[in-house]
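Visitor: sequence below, structure please.
(one chain, ligands or ions: 1)
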Amino acid sequence: MQVRVNNCLIELAQGDITHQDTDAIVNAANSRLAGGGGVDGAIHRAGGPSIMEETDRKYPAGCPTGAAVASAAGDLKAKYVFHAVGPVWKGGLSGEPELLASAYTSCLQLAIEHDCSSIAFPAISTGVYGYPRDLAAEHSLTAIRDFLAEYDRPQLVRLVLFDPGAYGAFARVLEDMAE
Ligand code: ADP
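Guide: Numbering: from 1, shown residues only. Now for the predicted structure:
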């Protein structure tokens, strides 16, 4: 499913983000960029050790929550991996919506800086970090739509949802946006 914003598309797909051939894929990293399970483990396994070597070298202090940093993509099809740090869900009154939105917009900004016309995101913070899926769908898609409305780039933003439940949550919000 797709929604157009200016000259850009927001698109949903189900599956494994490591198979995406967009210019950039986004990793749901932790603030130490230390590697972990979930999508982070999958990206480092599929992309090979050069990704961690580069982030260790360039970002020894890690990356703050709500921000993102770029690396090359090793053996992956994408050109870049943007390592975004989403918030841990603590009940919603600790700035989680703003931090989640800023994790997404930091990546979209990096996409423009690195001349990427396409980018694929996982559902940041909805795994180990515990962000409720329906709220994450609303806050993430609103941040993406608002960014594209303002900057009209990158041309394609694809959300790659790993499981059917997450796909359903994002699809309901995107359908509402299409109306
Ligand atoms: P976080 O710590 O930000 O919550 P996780 O990696 O635990 O990050 O989970 C984020 C989301 O990524 C979850 O919805 C999880 O199901 C999903 N996910 C896990 N592996 C993959 C993958 N290979 N491709 C896309 N999404 C994935």
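
Visitor: for stretch 43-55, what is the average pLDDT?
Guide: Summarised as a single mean, pLDDT over stretch 43-55 is 98.

Visitor: so what's the most centrally placed residue in the chain up against?
Guide: The centroid of the chain falls nearest to Phe121 when counting by CA atoms, centre = their mean (3.3 Å). By CB atoms under 8 Å, 6 or more residues apart in numbering, the contact list for Phe121 reads Ile17, Ile25, Val26, Tyr104, Cys107, Ser140, Ile144, Val157, Arg158, Leu159, Val160. All C-beta spots, glycine's among them, are computed from the backbone N, C-alpha and C.

Visitor: for Gly47, same thing?
Guide: Thr18, Ala73, Gly74, Asp75, Leu76, Val81.

Visitor: show me where this structure has strands.
Guide: Under the criterion DSSP state E, strands of the chain are mapped to 2-5, 8-14, 24-29, 68-72, 80-85, 118-121, 156-161.

Visitor: thinking again about what came up before, check the contacts of Phe121 against the ligand, which are close?
Guide: Among the contacts of Phe121, the ones lying near the ligand by CB under 6 Å from any ligand atom are Ile17, Val160.

Visitor: let me have the contacts of Phe121 in TSV, extended by pLDDT.
Guide: Below are these laid out as TSV (pLDDT from 0 to 100):
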residue	pLDDT
Ile17	98
Ile25	98
Val26	99
Tyr104	99
Cys107	99
Ser140	98
Ile144	98
Val157	98
Arg158	98
Leu159	98
Val160	98
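
Visitor: how about the residues of this structure near the ligand?
Guide: So the chain meets the ligand at 16-18, 28, 38-40, 42, 86, 122-129, 160, 162-163, 166 (CB under 6 Å from any ligand atom).

Visitor: just the ones in helices from those, please.
Guide: Those of the residues of the chain next to the ligand mapping onto helices are Gly38, Val39, Asp40, Ala42, Ala166, per DSSP state H.

Visitor: and which of the residues you listed is nearest the ligand?
Guide: Gly38 (2.2 Å; CB to the nearest ligand atom).

Visitor: residues contacting the closest residue to the closest one other than its chain neighbours?
Guide: Excluding its sequence neighbours, the residue lying closest to Gly38 (CB to CB, 6 or more residues apart in numbering) is Gly127, at 4.4 Å. Residues in contact with Gly127 (CB under 8 Å, 6+ apart) are Ala28, Gly37, Gly38, Val39.
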